[in-house]
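Give me a model of this one.
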Amino acid sequence: MTGPSAPSPPSGPSEPGPVGGPAPAAANAGAPAGAGGPGGGTAVEPRTALHAPTGRSWRAFLQPLAIIAIGGLWMLYVENSDLDSIAARVLAPDYVAQKTWEHIELAVVSTLLVLVIAIPLGVLLSRSWARPATPLVLAIANIGQSAPAIGVVVLLAVTFGIGFWTAIVALVAYGVLPALRNTLVGLQQVDPTLTDAGRGIGMSAARVLARVELPLATPVILAGIRTTLVLMVGTASIASFISGGGLGDLITTGVSTQRTPVLLTGCILIALLALLIDWLGGMAARLLAPKGL
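Modelled structure (predicted):
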């Protein structure tokens, strides 16, 4: 026996909607951001893709512009200062530009050699058959990092003579550890289930390394390269002790002749160059990192 039924609401135009779900929610789901329904429903903001260009991308270039401006203002201040003949000769624009280029050459050549050694060696040590040798190789690489850089340079100069390439050997010995360690860590943190899935669909070990492991380890490897670059720029100043060139010549000249403007110019330019290289490394890491990581 049924009771009295409730009065039906007045009929009116009904909104279309999916069966079993409220119509207003479905209507608002496709609405653009900022457009709500008459009942004050929450609008859904559009999703943006990863690595999509934004209107704020120009801010990424503020740092290099500021670095270049600071360097230019300092050189302008030095040129307009009351310098004696020694300081004026050392701080001539042509001489400073030459030493800056020599410093860049030291940093770039040593970094390239470090990468040629460290990345393939890190890939080999990440294989299961070579892992027992990992502690020994890391201990050897750690010797160059833990030993005083000036001591390594002097020791190599006594053994092989002075010059550009002796300084390069010392810088490579000093900077191989960060790139090697980051390569190892990046490959070792790859999820084993992903490599097993690659082998399960018929990939060879070399193809799994190239298509699965290295792309996933790229951000960590790029961070190690960035660290190596900045380390090489800062350490390249020791090349002046063995006639290797670079901005370190300004520092040693300023100390030996007691010319403070010369000393400060060398220190400031090395610091600005390290900041600029760090920015370039960060931009390269963003551009070279696989999409979606």
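
Just name whatever secondary elements the one helix or strand residue 121 maps to is in contact with.
Assessed by DSSP states H and E, residue 121 sits inside helix 93-125. With contacts defined as 3 or more CB pairs under 8 Å, 6 or more residues apart in numbering; DSSP states H and E, helix 93-125 has these neighbours: helix 62-79, helix 134-146, helix 164-188, helix 214-235, helix 248-257, helix 260-288. Bear in mind the C-beta positions are built from the backbone N, C-alpha and C, glycine included.

For it, what does the pLDDT average out to?
Confidence over helix 93-125 (mean pLDDT, whole number) is 93.

Quick one: distance of that helix to the chain centre.
15 Å (CA atoms, centre = their mean, to the nearest Å).

How about stretch 177-190?
Per CA atoms, centre = their mean, the centroid offset for stretch 177-190 relative to its chain is 14 Å.

Could you pull out the buried residues of it?
Going by neighbour count (16 or more other CB atoms under 10 Å), the buried part of stretch 177-190 is 177-187, 190.

where does the protein dip in pLDDT?
Scanning the chain for pLDDT under 70 picks out 1-57, 292-293.

Could you pull up the residues touching residue 162?
242-244 (CB atoms under 8 Å, 6 or more residues apart in numbering).

most surrounded residue in these?
residue 244 (27 neighbours; other CB atoms under 10 Å).

which residues sit in contact with the nearest residue to that one once chain neighbours are set aside?
Using CB to CB, 6 or more residues apart in numbering and skipping the chain neighbours, the partner closest in space to residue 244 is residue 167 (3.3 Å). Neighbour list for residue 167: 106, 153, 236, 238-239, 242, 244-246 [criterion: CB under 8 Å, 6+ apart].

Find the pair from those with maximum spatial separation.
Farthest-apart pair in those is 153 and 245; separation 13.1 Å (CB to CB).

Those two: which is more packed in?
Counted by other CB under 10 Å, residue 153 and residue 245 do not tie: residue 153 has more neighbours, with 25 against 20.

Give me the nearest residue to that one, chain neighbours excluded.
residue 170 (4.5 Å).

can you tell me how far that neighbour sits from residue 214?
30 Å (CB to CB, to the nearest Å).

Compare neighbour counts for the two and give me the winner.
Remark: of residue 170 and residue 214, residue 170 carries more neighbours, 29 against 18, as counted by other CB under 10 Å.

is it true that the more buried one touches residue 150?
No. Applying CB atoms under 8 Å, one finds residue 170 not in contact with residue 150, separated by 9.1 Å.

Next, show the common contact partners of the two.
Common contacts of residue 170 and residue 150, defined by CB under 8 Å, 6+ apart, comprise residue 238.

chain center to stretch 236-252: distance?
With CA atoms, centre = their mean, you get 26 Å for stretch 236-252.

Pull out the buried positions in it.
Judged by neighbour count (16+ other CB under 10 Å), stretch 236-252 contains these buried residues: 236-242, 244-252.

And the furthest pair within these?
Greatest spatial distance among these (CB to CB): 242 and 250, at 16.0 Å.

picking up where we left off before, contacts only, for the residue nearest to residue 153.
Contacts of residue 170 by CB under 8 Å, 6+ apart are 149, 152-153, 156, 238-239.

mind redoing it with 6 Å?
Each residue near residue 170 by CB atoms under 6 Å, 6 or more residues apart in numbering is listed here: 152-153, 156.

do residue 176 as well
Residue 176 makes contact with 114, 117-118, 141, according to CB under 6 Å, 6+ apart.

need the residues you listed in a markdown table with distance to residue 79, can you?
Output for these, formatted as a markdown table (distance: CB to CB, whole Å):
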| residue | distance to residue 79 |
| --- | --- |
| 114 | 36 |
| 117 | 42 |
| 118 | 41 |
| 141 | 44 |
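
Go through these and name the one nearest residue 201.
residue 118 (31.0 Å).

picking up where we left off before, which of the contacts of residue 162 sits closest to residue 126?
Distances from residue 126 to the contacts of residue 162, taken by CB to CB, are shortest for residue 244, at 33.9 Å.
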